[in-house]
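# Below are the sequence and a predicted model for it; my questions follow.
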Protein chains: 2
Amino acid sequence: MGRPAQGPDEERAAFRAELLASGLLVHGGVDGLYQRSGAFERVVRGVEALASRAGHGRGGPQLFFPPIMAKDAFERTDYLRSFPDLAGAVEVFNGGDAEHAELLLALEQGRNWTDLLVPSEVALSSAACHPLYATLAGTLPAGGSHYEVQGYCFRHEPSIDPVRMQSFRQHEFVYVGEPESARSHRDAWLERGAELLESLGLDVRVEEANDPFFGRAGRMLAANQRATALKFEITAPVSSDVARTAIASANCHESHFGETFGIRTADGIAAHSACIGFGLERIALALVKRHGTDVERWPAEVREALRA
Amino acid sequence: MGRPAQGPDEERAAFRAELLASGLLVHGGVDGLYQRSGAFERVVRGVEALASRAGHGRGGPQLFFPPIMAKDAFERTDYLRSFPDLAGAVEVFNGGDAEHAELLLALEQGRNWTDLLVPSEVALSSAACHPLYATLAGTLPAGGSHYEVQGYCFRHEPSIDPVRMQSFRQHEFVYVGEPESARSHRDAWLERGAELLESLGLDVRVEEANDPFFGRAGRMLAANQRATALKFEITAPVSSDVARTAIASANCHESHFGETFGIRTADGIAAHSACIGFGLERIALALVKRHGTDVERWPAEVREALRA
């Protein structure tokens, strides 16, 4: 007699309870918001360093992005067309003493004080590579360019599933340049990424995928993305044994960013781009699911691989 | 004949130009927003590790916070009373297909699409220790508790001065408990922090200070903070040789957070709290100012101290 079968939602709730009880994560007061313990953060940084070593010699310059980006560049990524429901805009206060008194009164009376704010010139970063493209406007060197980038991303999807964080880090290897090189960058990293994650004891699969495009129009975009095989995910069991979770994602953007941001190849065409993004928190969670909440007791070779 | 004397604003612009030219920072498209190079990030992490070692045995549990926090907890910190002009609220989209069409139309027409958003349940973190207090509601163990915390903070103060970033990290050592222990925590860390920063070759001073409280009422708050000696800063020359910059700040909060968040000492009184916050990016910039933009050529003992 095994334990009674659980549905994915019960599995997710149970995994979250286990993470919180172990102290690896602390509840941030809102679904999808977690404070990371030192032990959890060390795993995240171990994964980061491992990915970085795998990219050695082909990663290009490293860039670490703050969690906010220029709103103008955010608008130009077209994120609002595809994922409006996940985006976050930043509003700020620009009044004087009188407006401040109004703001405090609204706060005191439990009214919506954010009505008294104005749009800022920044937005929460939507993907680690999004702040990169605006800096590349112009003509690339022959052969294109490689970048290794990292940043906190925001996704407004409050959930009890610990893999669905509102704020999390992606570590990406990005190529911008020739169409064929973009596709081979994606494919080579997909293989390298799967090997790297398998070496940590994870049960990984490479799967064709689509982004969660918004609304009616989104269904067509998703179908098109699958038909043209633009997106693959590396999945593993994380919060559920039944429903697997993407822990890395490798994408061809075709000329989307090249056109929007005015990035040209040495031959003068709109640059293609491709990236692989390692979901640092999701990989850390997959490792906890696989090896348990006590990091000190993880297999020696996994601990060794994660040492920076 | 030396070079012509520069005012602080010219010094700041020159330092920013030097940072961007060296590639240590990349312009984020908006004043106060910077992408960090790998070299810059390694200095930041070296400073983090050095501070962490200085706190060894007295730092308490480590917690790494995401750049957003629960809006409810943010409101209760009273940040909007003191610094409304620096705060950032997060707005999100919760419409359907019809509202999405409106949003895209506003975007296309260059209108303010954020009017079509609604308040979220999160805000940008205002200080590294702010997300901590809501998790401590209840009664502390005898002697109080220590925490070592880190997080990205948001300050809306667009500036050409590279020390005035809109998004930056604080690494803090926080004590919550008895009034006298809070003050001695602050004082001991102030001394330890100054020594630590001096060991990196920085010309540091400990100075009495006040926060930049907002508006007319703020002038009184600032005067009161000075009169009661609640705030000290460790300063160094960073973007200007003339006007020094705070690179760490040590503060007594008295019972402010204890009362607001219902944190009691073992004796049943509202807990006092105190913290020292190391401004990781500002310290990295102070080191660049002191030792130059080529980190490889910094003095061996500084490079040694920054090795994680």
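It's in.

# and residue A:2, what pLDDT?
pLDDT recorded at residue A:2 is 47.

# same thing with residue A:217?
If you check residue A:217, the pLDDT there is 89.

# got a list of what it touches?
residue B:97 (C-beta atoms under 8 Å, 6 or more residues apart in numbering or on different chains). Yep, even glycine has a C-beta here, placed from its N, CA and C like the rest.

# Residue A:163: how many residues sit nearby?
23 (other C-beta atoms under 10 Å in any protein chain shown).

# you'd agree it is up against residue A:288?
No. Using C-beta atoms under 8 Å, residue A:163 is not in contact with residue A:288, being 11.0 Å away.

# Okay, buried residues for stretch A:61-68 please.
For stretch A:61-68, a neighbour-count test (16 or more other C-beta atoms under 10 Å in any protein chain shown) marks A:62-68 as buried.

# If we check chain B, which of those residues are in contact?
A:62-68 (C-beta under 8 Å from any C-beta of the partner chain).

# and the gap between residue A:32 and chain B?
Noted for residue A:32: a distance of 9 Å to chain B, by C-beta to the nearest C-beta, to the nearest Å.

# Name the nearest residue to that residue, sequence neighbours excluded.
residue A:166 (4.0 Å; C-beta to C-beta, 6 or more residues apart in numbering or on different chains).

# likewise residue A:295?
Nearest in space to residue A:295, with sequence neighbours left out and distances taken as C-beta to C-beta, 6+ apart, is residue A:39 at 5.1 Å.

# what's the most distant pair in the buried residues of stretch A:61-68?
Taking C-beta to C-beta as the measure, these span a maximum distance of 19.4 Å, between A:62 and A:68.

# hmm, back to that, can you put the ones next to chain B among the buried residues of stretch A:61-68 in CSV and add distance to residue B:52?
Shown next, in CSV, are those (distance: C-beta to C-beta, whole Å):
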residue, distance to residue B:52
A:62, 22
A:63, 24
A:64, 19
A:65, 23
A:66, 21
A:67, 22
A:68, 26
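
# Can you add pLDDT and give those residues back as JSON lines?
Below are those laid out as JSON lines (pLDDT from 0 to 100):
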{"residue": "A:62", "pLDDT": "96"}
{"residue": "A:63", "pLDDT": "98"}
{"residue": "A:64", "pLDDT": "98"}
{"residue": "A:65", "pLDDT": "98"}
{"residue": "A:66", "pLDDT": "98"}
{"residue": "A:67", "pLDDT": "98"}
{"residue": "A:68", "pLDDT": "98"}
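
# List the ones among these that fall in strands.
A:62-65, A:68 (DSSP state E).

# tell me the centre residue of chain A?
Geometric centre of chain A, nearest residue: residue A:170, 4.1 Å, by C-alpha atoms, centre = their mean.

# Run through the bridge partners of that one.
residue A:151, residue A:279 (DSSP bridges).

# I'd say it and residue A:126 touch.
No. Using C-beta under 8 Å, residue A:170 is not in contact with residue A:126, being 10.3 Å away.

# so what sits against both of those two?
Among the neighbours of residue A:170, those also in contact with residue A:126 (C-beta under 8 Å, 6+ apart) are residue A:153.

# Tell me which stretches of chain A form helices.
Assigned by DSSP state H, chain A shows helices spanning A:8-22, A:38-54, A:71-76, A:79-82, A:97-108, A:130-133, A:179-198, A:215-227, A:256-261, A:280-291, A:300-306.
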